[in-house]
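>>> Any chance you could fold what I've pasted below:
(2 chains)
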Amino acid sequence: MSNPPSGAASFVKTSVKQPYIWAIAALVLLLIINLIKDPSYLGISVNAVTGDLSGNLIDILRASAPIMMIAVGMTLVIATRGIDLSVGSVMAVSGAVSMEFMHDAGDGSLGSALMAIALALGISAFLGLINGVLVSIVGLQPFITTLIMMLAGRGLAKVITSGQNTSASNEFFRWIANGTVLGFPVVFVIGAVIVALVALLVRRSALGLMIESIGINPKAARMAGIRPVGLLIFVYILSAVLAGVAGIFSTASVMTVEVAKTGFSSEMDAILAVVIGGTSLAGGKFSLTGSVIGALLIATLDKTIVFLAIPSSATPAFKAIVIVAICLLQSQRVRALFSQRRARTSTPRKEAVSA
Amino acid sequence: MFKAPRFRSIAGLALVGAVALSLSACSASGGGDDKAGDGKDLTTIGFVAVGPEGGWRTANEKNIQDSFSEENGFELKYAPATNGDQNSQITAFTSFIDEDVDAILLSATEATGWESILERAKEAEIPVVLLDRGIEPNDTKLYTSHIAPDNVGISASAAEWANEQFPDGGNYVVLEGPPGLSVVNDRNKGWDEKIDSKLTKLESQSANWSTEEAKSVFETILKANNNNVQLVFAQNDEMGLGAALAVEEAGLKPGTDVKIITIDGTKAALEALAAGRLSFVAEYNPLFGDTAIDVVNKAIAGDKVESDIVVPSVTFDSPEAATTALPDRKY
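Here you go, the predicted model:
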């Protein structure tokens, strides 16, 4: 960052300083544990029957895609000192809208799939707009606003499908979640492209800087001429649209929307991914890369629990231990302690701490 | 300055209270006064329900609502839980006691923690009938009757079918609901009691009743065991359907390579059974509204009611059986 980049070495150097280095370490550790259990864990083979690539890594990439979507949206919202608790419900609404539409269309054509996607994303964006307007113009607390949207959204999903789990059949829609492109799962490819676009948008323009400035000090930002209203509405809409994409991903994988289950407690996964990625919940500086790594870690953790056959009653505890360990390692104090031990002359890096 | 936020929070609380009161007042005045002209008083019933959860629950609660209709002389107040939260159920239960309804029907989201509130209902002499979900510890003095299909028996019958199918043993996986629910405990109990020791349990994982999660869990289990799994015991239909998807994705054939057992018997599952994607569906009969009416009437009249009433259920073990049952499947 500060010194001119000289290839991989500098990349490694800057990465090591990032708070999400521990998340990467944990990710590698989990993969190693799986490898010890089964040396062929990382192997990827071609499935003789379906012709697709299959393997545990592919499964992890596929499972991480929806979490990645909501985590990226959540990162930007959190950077503005907000929070979006409604992502899980928006996922359910988006899934319900698309499934209900395709169920009624019933022709399984590409056209109805695209129409369903457009409709789902449109309604998601509208829910995001409501969040954004309530937070920025009306001035409600983000927590309360999105909490209301979380309850209302799930209710809306239930209304759309009249409380039933709705299934539909559509080859293209199914392919989104289950197909592969050049060996990679389509969901992951779409997810990666969307993340790259968002990253380009916020980092190659002043947008990211402005979002950070609102989070670090809203007053100073306003005095510097940054108008928060539009920015806040933008991040909430973006978060909701990304949640809509996640909803499409997760319903497409089984071609069923389960109104009570789709996206249930996904907001927690998203917040977790953001925190693991090193973005402070107090707002300000954010790291999209970190959140993506957080999402990958959560997916790997979920898969590892099943792969190691950890009894279901112990899974929450196992998950908690891993996450607490990562958060501990990331905390300023523990990191400061480490660098003192190493007797470094450099002072511990200061993060933008607000409030 | 100091007063303003405080006043606001008090005002907020008052508002919430007022809304809650007016809501309950609304529903309370709905039936009794209007129907007084008929010369026949409606019996008020409070139904503390679970709310939308899946095909089975929807069928069950709709059946209860339809049975306790005004034509049958009842006024049913339906109170579904908010996102399966026990707290919201306890709140609804308390307000039913305060309204002094004639009887309360309860489908508990969680098995434990009901003692004190049931004690209050008992003091108020309101009979409580448990529907489907039981409570723990199961103190029969606290409620009038528990009407439910027999979870232990149903999963035992599934285990017996599995024993017949795999006389030489095999590997199996259990996909269970969220840990701690009485349904999950009972379905595990019946299965574990009856299953032959020749069949090896590879893993028992929770997939939270969800198709999506079951698919994700089972694809990993298949990989962890190199596809060497012959049987899946899914504790509800949705999870069984998810497992079938995972099996298909792995390039295997559900029904032949991996046999899948599910419990509940919803339409979607019977359709899958008819198509050969599932192998055995044990019904968990949700339609017991008539039994519930009978029990409530007896309890209000002060007659003796049996504390545990088992709803009869059937099993489907072949595509033909499913095809025959499908046309008049109500849920």
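>>> what's the neighbour count on the closest residue to chain A within the stretch 151-300 of chain B?
Nearest to chain A in the stretch 151-300 of chain B, going by Cβ to the nearest Cβ, is B:Gly251, at a distance of 3.0 Å. (Each C-beta comes from the backbone N, C-alpha and C, glycine too.) By the criterion of other Cβ atoms under 10 Å in any protein chain shown, B:Gly251 has 15 neighbours.
>>> Between the two ends of stretch A:307-318, how far is it?
Distance between the two ends of stretch A:307-318: 13 Å, counting by Cα to Cα, to the nearest Å.
>>> What residues sit buried inside that stretch?
Going by neighbour count (16 or more other Cβ atoms under 10 Å in any protein chain shown), the buried part of stretch A:307-318 is A:307-310, A:312, A:315.
>>> what is the mean pLDDT for it?
The predicted model assigns stretch A:307-318 a mean pLDDT of 83.
>>> Figure out how far it is from the centre of its chain.
In terms of Cα atoms, centre = their mean, to the nearest Å, the centre of stretch A:307-318 is found 23 Å from the chain centre.
>>> Which SSE is immediately downstream of the helix or strand bottoming out on mean pLDDT in chain A?
Ranking every helix and strand in chain A by mean pLDDT, DSSP states H and E puts helix A:8-17 at the bottom, with a mean of 69. Reading on from helix A:8-17 to the C-terminus, the next helix or strand found by DSSP states H and E is helix A:21-37.
>>> And that following helix, what does it pack against?
Secondary-structure packing of helix A:21-37 (3 or more Cβ pairs under 8 Å, 6 or more residues apart in numbering or on different chains; DSSP states H and E): helix A:288-307, helix A:315-330.
>>> orientation of that helix relative to helix A:315-330 in degrees?
Relative orientation of helix A:21-37 and helix A:315-330, computed by axes from the mean of the first three to the mean of the last three Cα atoms, to 10 degrees: 140 degrees.
>>> Show residues contacting helix A:21-37.
A:15, A:41-42, A:56, A:276-278, A:290, A:293-294, A:296-297, A:300-301, A:304, A:307-308, A:322, A:325-326, A:329-330, B:224 (Cβ atoms under 8 Å, 6 or more residues apart in numbering or on different chains).
>>> buried set for it?
Under 16+ other Cβ under 10 Å, the buried positions of helix A:21-37 are A:21-24, A:26-27, A:30-31, A:34.
>>> Same question for stretch A:243-253.
Per 16+ other Cβ under 10 Å, stretch A:243-253 contains these buried residues: A:243-253.
>>> and those residues near chain B, which?
A:250-251, A:253 (Cβ under 8 Å from any Cβ of the partner chain).
>>> Need the residues you listed in JSON lines (columns: secondary structure and pLDDT).
Shown next, in JSON lines, are these (DSSP: H, G, I helix; E, B strand; the rest coil; pLDDT from 0 to 100):
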{"residue": "A:Ser250", "secondary structure": "helix", "pLDDT": "94"}
{"residue": "A:Thr251", "secondary structure": "helix", "pLDDT": "95"}
{"residue": "A:Ser253", "secondary structure": "helix", "pLDDT": "93"}
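>>> Now do B:Thr323 against A:Thr14, distance only.
With distances taken as Cβ to Cβ, to the nearest Å, B:Thr323 is found 64 Å from A:Thr14.
>>> try B:Val128
64 Å.
>>> Looking at these two, which is more packed in?
Remark: of B:Val128 and A:Thr14, B:Val128 carries more neighbours, 25 against 13, as counted by other Cβ under 10 Å.
>>> wait, that one sits on B:Val101?
No. Applying Cβ atoms under 8 Å as the test, B:Val128 and B:Val101 come out as separate, 10.5 Å apart.
>>> now the strands for chain A?
Per DSSP state E, chain A carries strands over the ranges A:44-46, A:53-55, A:166-167, A:180-181, A:184-185, A:256-257.
>>> residue ranges with poor pLDDT in chain A?
Under the criterion pLDDT under 70, the flagged ranges of chain A are A:1-9, A:11-12, A:15, A:48, A:50, A:341-355.
>>> Could you give the residue of it that lies closest to chain B?
Distance from chain B to each residue of chain A (Cβ to the nearest Cβ) is smallest for A:Val49, at 3.0 Å.
>>> thought that residue was touching B:Glu248?
No. Contact criterion Cβ under 8 Å: A:Val49 and B:Glu248 do not qualify, at 9.2 Å.
>>> Now B:Ala79, what are its backbone angles?
Per-residue torsions, B:Ala79: phi -130, psi 90 (degrees, to the nearest 10).
>>> Can you give the domain ranges for chain B?
B:39-149+B:286-313, B:151-284+B:316-328 (automatic domain parsing).
>>> Buried deepest among those domains, which one?
Ranked by mean neighbour count, the domains of chain B are led by domain B:151-284+B:316-328 with a mean of 21 (mean count of other Cβ atoms under 10 Å in any protein chain shown).
>>> Rounded mean pLDDT for that domain, please.
Domain B:151-284+B:316-328 comes out at a mean pLDDT of 92.
>>> end to end, how far does that domain reach?
Termini of domain B:151-284+B:316-328 sit 24 Å apart (Cα to Cα).
>>> Tell me how far that domain lies from the chain's centre.
With Cα atoms, centre = their mean, you get 18 Å for domain B:151-284+B:316-328.
>>> Equivalent analysis for stretch B:119-136, please.
On Cα atoms, centre = their mean, the centre of stretch B:119-136 falls 17 Å from that of its chain.
>>> B:Glu75 sits in which helix or strand?
strand B:74-80.
>>> does any bit of the helix or strand just after that strand sit next to chain A?
Per DSSP H and E, the first helix or strand lying C-terminal to strand B:74-80 is helix B:86-99. No. Interface with chain A: helix B:86-99 contributes nothing (Cβ under 8 Å from any Cβ), its closest point being 11.0 Å away.
>>> So what touches helix B:86-99?
B:20, B:24, B:28, B:44, B:46, B:48, B:77, B:79, B:81-82, B:104, B:106, B:108-110, B:113, B:117, B:120-121, B:124, B:126.
>>> tell me, which of those residues make contact with chain A?
Under the cut-off given by Cβ under 8 Å from any Cβ, chain A has B:Thr82 from the contacts of helix B:86-99 close to it.
>>> circling back to that earlier point, mind checking which of the helices and strands packed on helix A:21-37 is nearest A:Gly183?
helix A:288-307 (17.7 Å; Cβ to Cβ).
>>> gap between that closest one and the chain center?
10 Å.
>>> Can you list the strands that the strand holding B:Glu75 pairs with?
Here strand B:74-80 is paired, per DSSP bridges, with strand B:43-49 (parallel).
>>> just checking, next helix/strand downstream of the partner strand?
Assigned by DSSP H and E, the successor of strand B:43-49 is helix B:55-67.
>>> who are the neighbours in contact with residue 84?
Because you didn't say which chain, this covers chain A. A:73-74, A:77, A:131, A:142, A:146, A:236, A:239-240, A:243, A:267, A:270.
>>> please go with chain B instead
With Cβ under 8 Å, 6+ apart, B:Gly84 has these contacts: A:260, B:50-51, B:53, B:109.
>>> Going by distance to B:Ala158, which of those wins?
B:Glu53 (21.1 Å).
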